[in-house]
Structure formats: structure tokens, C-alpha cells
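**Q** My questions are about this predicted structure, shown below with the sequence.
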Amino acid sequence: EMGLEGAVSHLVDYEKIAYSPPPPTVDPLLTQRFDRRELRNLTDEERRQRFEQRQRAERRTFEETRLWWVERLAESPRPLEERMTLFWHGHFTSGFREVRQAVFMKEQNELLRRRALDTLGELVLATGRGRARLAYLDGTRNVPRQPNENYARELLELFTLGVCNYTEGDIKAAARAFTGWSFDDDGFTFRRAQHDAGRKSFLGRSGNFGGDDVVRIIIDHPACSRYLARKLLEYFVRPRPERALVEALAREIRRHNYEMRPVMRALLSSQAFYDASSRGCLVKSPVDIVIGTSRQLGVGIDDPAAAVVAMTQLGQELMQPPSVKGWDGGTKWINTATLFTRYNVVSALIHGRPIGPGRERLQRLARESND
């Protein structure tokens, strides 16, 4: 009834739709700062108990954050907002088992949602400065005397350019540029004394580059728009998009200076999105199976914990991708075990049955993952 233009505007301009659910509950223990002098006065047993108490608070807060996101996915009247948050979560990955700080994961999820339709450069900088990213890819260990290349490597290979578009020298130069990026109890901090201010050669340019400079140079590289275009097409349109289609979207991305709102408006309005070759060709992710089916049938998700368990059994554990690469997706979602579970989940949604064990099973999974 809205027509194509109206429907796309309804999806893309989602801020016009009022929706502000309360944030997830953070265990009060996690807001308390460590008093190292107090810890030194404790016995070994008391320190162990304090540590275990803190671990339980982390798991509770992480579980609440993940359930809060599932509820948003299932209920939000702004579906593209959550879809883009999920897309970026699989792109700028972090996992709780590696980060170990529930508040950091909460911050990153809120950041991806808040910045979902900003420019790619703003997203890269914001996530790169996030405490979850710095913890996940060893940012605090990146110091001049021994640069840590983890973030620089993944930034070039997985987040922006893709393989074969940079050299090992570019990775080393980028790692040096990001030295000094760290965090404290209040968030991101730049430790100037730990920054390598020397001259660097990166992607054909030379200078006393810092992290911001590296990101700007990456965005200027022609491979960046193509890499993002392919990722968007594979996620929203069809697998293995032809080169001409990738180039067409890459031009649109460059034309809008990497701002995602007009890019998504163009993508959702494009002939390619509605072409017959784009129908029925994407294998639904576990989130699509559980959340998408419930929304399509209008049955809702009564037990978000059961939804988390079902998605995990289907191969997609939210806020815990298998690696920094994220989820492979496509036909990798399908095997003999997950196909059977897909049938059961959809059948349960159709017939109004529970889709699986709920919070108790989720808590058991959390304990097992931390043991």
C-alpha cells in the first residue's frame, strides 16, 4: 500500500518511528571499580570468591544483554535498524568469551545500532576505539617496542579491503599507527607516550600516520567500496553477485561517500533486489529462521532464552561468532543436524509450541562455555 518508495523510506528512515525500550540490566557489581589496595589485603580464598562473584555477574549481564537484543529483533517496529546491527555484528566481530566483559559487548551492540547508517569511516573508527574491539584483538598490547598486528591485519583483510589488496608491509605500518590506542574504566583513551610517531609507508603513501590517518587512506582505496558492495549484496540480495553488479553498487557507495543510509535506500530500491534471480537464493540464517519466521507469522517470541538456544543449536550464537571472520553463512548453515532442527523450530512456531528449552538451558550453556 505504501508503494516502493514509501516502503523503502519507512525502512530506511526508521528514526521517525518512536521506539525506545529500556536498556538491559547491568549487575551493580560491574559498575564498581577495583580497589587494588583492598584486594591486596584479602586472603587467597577471599580473592578467589571475589573473582567468582565477578564472573557470575559478567555472565548474568551478558545473558541479559543478549536476551534484550533478541527481544528487539523480535519486536522492534524499526526492523532495518536491527538488521543493520546484525549485519555489522557479523562484520566487525567480537565475542564474549574472548572479551570477557559484558559491558563492553553491550557498548558495542549499542554502538553498531547507533552508527548503523553512518559512513563506513565513522563506523571503522568508532568500533576500532570500542573497548570490545580493543580487548578482542589485543589493542592494549600494541606498543612501539613490539607492535601487535592483530587489529591491523583484520582491519585490512576482513573489515575494509579484502585479501590481495595490501602487503605485509602495510599491516606492519598500520599496526605502528594504532599504537597508543587503549582504554580505561571510562572508555577509549589515547596513550601518547605509547604511540609510534615515526614515519610510515602505508598503501603507497608516507607520513607520520596515526590510526585516523590509516582509516582515511583505506577509505580512499578503490578496493574498499568494492569489498563493502560485495558484502552487502551477498547479505541482502544474492550469493556470488556478478562483477558488474558489484561495480554498480561500489559506484553508488563512492557517490555517497560511504554513507550507508542513501546506499541502503539505493540497494532496496534497485532492480537487482527485485530481480527473479534474487528470489529464493539466500539460505536463511538461524536468526532469520527463528526471528524472521516468528515475525512473518505474527506469533512473537514468548521466551527469548529459548530463541537464543535454538539459534545456537542452528549454528549462530549471538554475540559469539566462531572467529573474527564471523559466520560463513550460505550453505554452511545447512547440515544434517541443523536441517532437522530448522524443521522442528519452524513447526513449533507454526503450532504454538515452545521452540526449545529456555533460560535454564541457556545458563547451562554459559557455564559450559566458561569452564
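**A** Alright, I've got the coordinates.

**Q** can you give me the strands in this structure?
**A** 181-184, 187-190, 200-202, 205-207 (DSSP state E).

**Q** Can you spell out which helices and strands pack onto the first one?
**A** Same thing as strand 181-184. The contact analysis (3 or more C-beta pairs under 8 Å, 6 or more residues apart in numbering; DSSP states H and E) places strand 181-184 against helix 131-136, strand 187-190. For glycine as for every other residue, the C-beta is placed from the backbone atoms N, C-alpha and C.

**Q** Around Glu107, how many other residues sit close by?
**A** 16 (other C-beta atoms under 10 Å).

**Q** Can you check the pLDDT for the spatially most central residue of the chain?
**A** The centroid of the chain falls nearest to His89 when counting by C-alpha atoms, centre = their mean (1.4 Å). His89 is assigned 98 on the pLDDT scale.

**Q** The one 10 residues further on now?
**A** At Val99, the predicted lDDT confidence score is 96.

**Q** Tell me the confidence at the closest residue in space to it that isn't next to it in sequence?
**A** Nearest residue to Val99 in three dimensions, chain neighbours excluded: Ala135, at 4.7 Å (C-beta to C-beta, 6 or more residues apart in numbering). Model confidence at Ala135, given as pLDDT, is 97.

**Q** Same check on Ser182?
**A** Predicted confidence (pLDDT) for Ser182: 96.

**Q** That one and Arg353: what is the separation?
**A** 49 Å (C-beta to C-beta, to the nearest Å).

**Q** ok, those two, which is more surrounded?
**A** Ser182 (19 against 10).

**Q** what sits opposite that one in the beta ladder?
**A** Bridge pairing for Ser182 (DSSP bridges) gives the partners Thr189.

**Q** I figured it was touching Ala193, is that so?
**A** No - the pair Ser182 / Ala193 is not scored as a contact, 10.8 Å apart, by C-beta atoms under 8 Å.

**Q** tell me the contacts of Arg230?
**A** 162, 241, 246 (C-beta atoms under 8 Å, 6 or more residues apart in numbering).

**Q** Kindly report the same for Phe92.
**A** Listed by C-beta under 8 Å, 6+ apart, the contact partners of Phe92 are 108, 112, 123-124, 127, 133, 159.

**Q** phi, psi of it?
**A** Dihedral pair for Phe92: phi -90, psi 70, per degrees, to the nearest 10.

**Q** And it, how close does it get to Gln108?
**A** Note on Phe92: its distance to Gln108, by C-beta to C-beta, is 8 Å.

**Q** Now list whatever residues contact both of those two.
**A** Common neighbours of Phe92 and Gln108 (C-beta under 8 Å, 6+ apart) are 127, 133.

**Q** about what we covered before: specify which member of the contacts of Phe92 is nearest to Asn150.
**A** Using C-beta to C-beta, Arg133 comes nearest to Asn150 of those, at 10.4 Å.

**Q** Not counting sequence-adjacent ones, nearest residue to the closest one?
**A** Thr127 (5.3 Å).

**Q** What ranges in the stretch 101-250 of the chain fall below the confidence cut-off?
**A** Applying pLDDT under 70 to the stretch 101-250 of the chain flags no residue at all.

**Q** so where do the helices sit in it?
**A** Under the criterion DSSP state H, counting those that start in this stretch, the stretch 101-250 of the chain contains helices at 102-114, 120-128, 131-136, 150-154, 168-177, 211-220, 222-236, 243-255.

**Q** other SSEs contacting the shortest one?
**A** Here helix 150-154 touches helix 168-177, going by 3+ C-beta pairs under 8 Å, 6+ apart.

**Q** In the helix it packs on, which residues are buried?
**A** 170-177 (16 or more other C-beta atoms under 10 Å).

**Q** mind giving me JSON lines with the residues you listed and columns for distance to Phe104?
**A** Output for the buried residues of helix 168-177, formatted as JSON lines (distance: C-beta to C-beta, whole Å):
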{"residue": "Asp170", "distance to Phe104": "28"}
{"residue": "Ile171", "distance to Phe104": "25"}
{"residue": "Lys172", "distance to Phe104": "27"}
{"residue": "Ala173", "distance to Phe104": "28"}
{"residue": "Ala174", "distance to Phe104": "23"}
{"residue": "Ala175", "distance to Phe104": "22"}
{"residue": "Arg176", "distance to Phe104": "25"}
{"residue": "Ala177", "distance to Phe104": "23"}
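
**Q** how many other residues sit next to the closest residue to Leu156 other than its chain neighbours?
**A** Closest residue in space to Leu156, ignoring its immediate chain neighbours: Tyr166 at 4.7 Å, by C-beta to C-beta, 6+ apart. Counted with other C-beta under 10 Å, residues neighbouring Tyr166 total 23.

**Q** just to revisit the earlier point, quick one: closest of the helices and strands packed on strand 181-184 to Ala307.
**A** Smallest distance to Ala307 across the helices and strands packed on strand 181-184 (C-beta to C-beta): 22.6 Å, for helix 131-136.

**Q** what about Leu39, distance to Arg54?
**A** 11 Å.
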